[in-house]
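1. Okay, structure incoming, though there's no sequence with it:
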């Protein structure tokens, strides 16, 4: 045996001995499908901005026809720096832009298309929106992502085998020249091209291309493989929301799983495909002047936050620039008001000085106090054979709240199937104030206003020992 090599069995023995020497038991085993490190970091972003921009901005259409003249695209004051500064100030961590929508028009000089900014009068055909936005995101510390629709109502190759190669070259151009791309957004739309035919998409080839060019990028579609569509465009993830999905045999678009499965995931699903909730701040996805008075209210946006981020999903909020190429003041003011509301609601965790105790635990090093230490990778673990486990939080005096936040340690899998929240009354009896199902990365439970000195969480059902790494109590005076 090589003097520097050891068999796996011996390494395991050394590991157990080291854990024992430190006085901490070995951690729980992972359960089921697991997220990649990139998926975990993606989920931690919580909120990103979607930006629909292109010929439709100037025509007022939602889906372009593909025959729009290139000279229609001519923003008079495009300012991606403004988009990025507003996004950062509003609490978003990244921006995803519609680099190519169904009409086929490309917001960068795509060398395999004659329907791009290079053929437009904007900046005399020398402009590049992807370059400007990627640089603006980098300056503001935001991540940069792209939406590139496979459907193309302009390209003459669409509907033929040759188009898949054209689309791959399009991906190579967009993903290979603008630095790191954190998310590649694949729309499942598959309509007719200029020849009246539909395309048979080569999804394995498309996925391989993204992995080759941007190995860390999360790929979005109805069936992932990085994250999944939530099944609606109204901003509502399932009240039960598993990050796992049985996606084999399904494809994006017409071949997608039923909407109810996309909305709630599949308990014990074979793949880790967390939900992304895409919704627009306006009724439409592209800017229209007629919708300037229809921008969602602060109360609506906070409600969407609760039904997306608060239900184990990531929120992708669309904010479309207007014909000048800037985010309209109506939208930007509303975004800042939205951020202010969230800051006000979550400025004080009323459980900050609480003490936690549990009916059971996995062992030394996995006690209930870990839930409150602010370390994402520190968690309480229920005992291996526990059927039902309860964690009690002594709040250091009476507190009034109406929002309960819980986090599950998802690097080892999603486990909790059902839990309850109870508050202790003045006479020492416990009253149930909420009964819910899944937790996942983050769960925000809305309750009536409660005043109490003690709260307890009971995990009623779990697929494996529960792992909880976050808890908070907050008072929302804005949407109550």
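-> Cool, the structure landed. What you see is a predicted model; the values in this text were computed from it and never measured.

2. Mind jotting down where the helices sit in this protein?
-> 8-22, 37-45, 55-59, 80-89, 129-140, 162-175, 203-213, 259-264, 298-307, 329-345 (DSSP state H).

3. what comes up buried for the shortest one?
-> Spelled out, it's helix 55-59. 55, 56, 57, 58 (16 or more other CB atoms under 10 Å). Where C-beta positions appear, they are placed from N, C-alpha and C, glycine not excepted.

4. can you list the domains in the chain?
-> Using automatic domain parsing, the domain parsing of the chain gives 37-345, 355-474.

5. tell me how far the ends of the longest one are from each other?
-> When you say that, I think you mean domain 37-345. Domain 37-345 has an end-to-end distance of 30 Å (criterion: CA to CA, to the nearest Å).

6. repeat for stretch 432-450
-> The straight-line separation of the ends of stretch 432-450 (CA to CA) is 11 Å.

7. For the residue nearest the centre of the chain, give the beta-bridge partners.
-> Among the residues of the chain, residue 314 comes closest to the average C-alpha position under CA atoms, centre = their mean, at 2.5 Å. Per DSSP bridges, the residues bridged to residue 314 are residue 276.

8. With the one 4 residues further on instead?
-> With DSSP bridges as the criterion, residue 318 is bridged to residue 50, residue 280.

9. residues touching it, list them.
-> Residues near residue 318 by CB atoms under 8 Å, 6 or more residues apart in numbering: 49, 50, 51, 52, 278, 279, 280, 281, 282, 285.

10. which of those tops the neighbour count?
-> Counting neighbours by other CB atoms under 10 Å, residue 49 leads the contacts of residue 318 with 27 neighbours.

11. That one and residue 88 touch, don't they?
-> No. With contact defined as CB atoms under 8 Å, residue 49 does not reach residue 88; the gap is 9.6 Å.

12. before we move on, the earlier item: Serialize the contacts of residue 318 to TSV and add fields for pLDDT and distance to residue 202.
-> TSV is the format used below for the contacts of residue 318 (pLDDT from 0 to 100; distance: CB to CB, whole Å):
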residue	pLDDT	distance to residue 202
49	98	30
50	98	26
51	98	27
52	98	26
278	98	25
279	98	30
280	98	30
281	98	34
282	98	34
285	98	27
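
13. For the residues you listed, give me TSV that also has distance to residue 470.
-> Converted to TSV, those look like this (distance: CB to CB, whole Å):
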residue	distance to residue 470
49	25
50	27
51	31
52	33
278	25
279	25
280	30
281	28
282	33
285	33
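
14. burial of residue 196, as a residue count?
-> 7.

15. no, scratch that, I was asking about residue 129
-> Residue 129, neighbours per other CB under 10 Å, totals 24.

16. Which residues are in contact with the closest residue to it other than its chain neighbours?
-> Among residues not flanking residue 129 along the chain, residue 107 sits closest, at 3.9 Å (CB to CB, 6 or more residues apart in numbering). Going by CB under 8 Å, 6+ apart, residue 107 touches 53, 54, 97, 98, 99, 100, 116, 117, 128, 129, 130.

17. Just among those, which is most surrounded?
-> Highest neighbour count within these, by other CB under 10 Å: residue 100, with 30 neighbours.

18. Could you report the pLDDT at residue 24?
-> In the predicted model, residue 24 carries a pLDDT score of 76.

19. With residue 182 instead?
-> With respect to pLDDT, residue 182 has a value of 98.

20. what about the nearest residue to it once chain neighbours are set aside, neighbour count?
-> Leaving out its chain neighbours, the residue that sits closest to residue 182 by CB to CB, 6+ apart is residue 143, at 3.9 Å. Each residue near residue 143 was counted by other CB under 10 Å, and the total is 20.

21. re the thing from before, between the domains of the chain, which gets nearest to residue 28?
-> Of all these, it is domain 355-474 that lies closest to residue 28, at 5.2 Å by CB to CB.

22. burial of residue 118, as a residue count?
-> Around residue 118 there are 20 residues (other CB under 10 Å).

23. for residue 240, that is, sorry about that
-> 17.

24. again with residue 362
-> Count around residue 362 with other CB under 10 Å applied: 21.

25. cool, residue 148 as well?
-> 24.

26. Could you pull up the residues touching the nearest residue to residue 150 once chain neighbours are set aside?
-> Here the nearest residue to residue 150 in space, its sequence neighbours aside, is residue 201; by CB to CB, 6+ apart that works out to 5.4 Å. With contacts defined as CB under 8 Å, 6+ apart, residue 201 is in contact with 150, 164, 190, 251, 252.

27. swap in residue 344?
-> Neighbouring residues of residue 344 by CB under 8 Å, 6+ apart: 477, 478.

28. And for residue 253?
-> Counted by CB under 8 Å, 6+ apart, residue 253 has contacts 188, 189, 190, 222.

29. same thing with residue 85?
-> Taking CB under 8 Å, 6+ apart, one finds residue 140 in contact with residue 85.

30. go again using 10 Å as the cut-off
-> By CB atoms under 10 Å, 6 or more residues apart in numbering, residue 85 lies in contact with 79, 136, 139, 140, 142, 327, 332.

31. now, among these, which is nearest to residue 365?
-> Nearest to residue 365 among the contacts of residue 85, with distances taken as CB to CB, is residue 142, at 36.8 Å.

32. is it true that the closest one touches residue 95?
-> Yes. With contact defined as CB atoms under 10 Å, residue 142 counts as touching residue 95 (5.9 Å).
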